[in-house]
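>>> Got a predicted model here, sequence first, then my questions.
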Amino acid sequence: MIKLLKIELRKTLNYIPFRILIILHFVLFIFGIFFIPRVNFNFPFVTILPLYQFPHVWNFTTWISSFYNISLILLVIMLTCNEFNNKTFKQQLIFGLSRRDLLVQKIILLLLLSLYVIILVGIASITSGLIYSYKITFSLIFDRSWILANLFIQIFTYLCFGLLFSLIFRNMIVSGIVFLAYRVIIEPIIRVNMPESFRPYFPSKFVTKLTPSPDILSMIQSNMQSNGPNGANKPDAAAALFPQGLPMWENLILTFILITVLLSLSMWIFRKRAFN
């Protein structure tokens, strides 16, 4: 395992486009998280500051990070397709690695990228909460921080999607276009034509629900009823409630099943693919 980790890190870290995209992802995420609170929104009873206060900041940062993580999915597609183009897979087979080792290498990469995301989001969440919260206690700081585990599972699942698409098409542009088309066009069209009771069982639905968005309407109502700045920071006020849909445990079970399917298909392709 350590050998495979070293090989994957050597290949990935020495790839200049990887460094550029990771830095770009980091900069854009930090800019978005810390710039938005400084924007002056002149709407009555509306303030975004509760989103940056404990414990609501955990819901907000994990939810908003999904909009930035599309770049990491495309990064996985780029790295995998690049190995096809440069015949890196074939060279590693010649040097003694098995096809299973090739998949394990990619899984290690997906896990490292997922870990990078939760570390980044975790640091950003704690920093924002310490800056903007009126009340700070140990229990309040880490209330809802468990959602980072859901974020880890979520981003790993989407990266598995990127890996599978790149193994199927082996072309960076085609893989990226097909993935985006599936995510933005194909699945939503199929989903909207299905009975409403079936819609939560589509991958984009139950994986997305792992990091539920804050209930903005509840926060506005709470702000209207609040008599002071501390009102928005009470644990029961402006609660980031889970949106309607499947229970969280069902979303998790479905996601783990999906991960198993995606990795099984990837392993099947690795075994059957001729790396010419």
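Noted; the coordinates are in hand. Because the structure is a prediction, the values reported are computed rather than measured. Residues are numbered from 1 along each chain as shown.
>>> Check the offset of stretch 189-198 from the chain's centre.
Chain-centre distance of stretch 189-198: 24 Å, with Cα atoms, centre = their mean, to the nearest Å.
>>> next one: stretch 143-157
On Cα atoms, centre = their mean, the centre of stretch 143-157 falls 8 Å from the chain's centre.
>>> Over to stretch 10-25?
18 Å.
>>> Now that stretch: average pLDDT?
Per-residue pLDDT over stretch 10-25 has a mean of 91.
>>> who's in contact with it?
Under the criterion Cβ atoms under 8 Å, 6 or more residues apart in numbering, residues 68-69, 71-72, 74-75, 78-79, 82-83, 88, 109, 116 lie in contact with stretch 10-25. C-betas here are computed from N, CA, C, even on glycine.
>>> How about stretch 100-112?
By Cβ under 8 Å, 6+ apart, the residues outside stretch 100-112 that reach it are 1, 4-5, 7-8, 12, 76, 79-80, 89, 92-93, 156, 159-160, 163, 263, 266-267, 270.
>>> and that stretch, which residues are buried?
When burial is assessed from 16 or more other Cβ atoms under 10 Å, stretch 100-112 yields the following buried residues: D101, L102, L103, V104, Q105, K106, I107, I108, L109, L110.
>>> And stretch 247-258, by the same measure?
N251, L252, L254, T255, L258.
>>> Show me those residues that map onto helices.
Counted as lying in helices by DSSP state H, out of the buried residues of stretch 247-258, are N251, L252, L254, T255, L258.
>>> residues near E8, how many?
For E8, the neighbour count with other Cβ atoms under 10 Å is 19.
>>> ok, now the one 5 residues further on?
Using other Cβ under 10 Å, L13 has 11 neighbouring residues.
>>> and what of L180?
15.
>>> any idea how far it lies from L265?
19 Å (Cβ to Cβ, to the nearest Å).
>>> residue ranges of the strands in the stretch 151-276 of the chain, please?
Under the criterion DSSP state E, counting those that start in this stretch, the stretch 151-276 of the chain contains no strands.
>>> Show me which of the buried residues of stretch 100-112 is closest to I173.
K106 (19.7 Å; Cβ to Cβ).
>>> For the closest one, which three-state class applies?
helix (DSSP: H, G, I helix; E, B strand; the rest coil).
>>> Let me know the pLDDT of it.
pLDDT, read off for K106, is 95.
>>> of the contacts of stretch 100-112, buried ones?
The buried subset of the contacts of stretch 100-112 - by 16+ other Cβ under 10 Å - is 4, 7-8, 12, 76, 79-80, 89, 92, 156, 159-160, 163, 263, 266-267, 270.
>>> S175 versus L109, what's the distance?
16 Å.
>>> cool, L164 as well?
From L164 to S175 the distance is 9 Å (Cβ to Cβ).
>>> got a list of what F84 touches?
F84 touches R170, F275, counting by Cβ under 8 Å, 6+ apart.
>>> Dump the buried residues of stretch 247-258 into CSV; add distance to G245 as well.
Below are the buried residues of stretch 247-258 laid out as CSV (distance: Cβ to Cβ, whole Å):
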residue, distance to G245
N251, 8
L252, 13
L254, 11
T255, 13
L258, 16
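>>> Let me have these in CSV, extended by pLDDT and distance to F152.
Shown next, in CSV, are those (pLDDT from 0 to 100; distance: Cβ to Cβ, whole Å):
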residue, pLDDT, distance to F152
N251, 95, 14
L252, 96, 12
L254, 97, 16
T255, 97, 11
L258, 97, 15
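>>> Run through the helices of the stretch 51-200 of the chain in chain order.
Counting by DSSP state H, counting those that start in this stretch, the stretch 51-200 of the chain has helices at residues 56-68, 70-85, 88-94, 99-132, 138-142, 147-169, 172-181, 187-192.
>>> Determine how far the longest one lies from the middle of the whole chain.
Think helix 99-132. On Cα atoms, centre = their mean, the centre of helix 99-132 falls 9 Å from the chain's centre.
>>> in this structure, what secondary structure element scores lowest on mean pLDDT?
helix 216-225 (a mean of 55; mean pLDDT, DSSP states H and E).
>>> quick one: low-confidence ranges for the stretch 1-150 of the chain?
Within the stretch 1-150 of the chain, the ranges that satisfy pLDDT under 70 run 36-47.
>>> one more time with 80
Residues of the stretch 1-150 of the chain meeting the criterion pLDDT under 80: 35-49.
>>> Sweet, I'm off.
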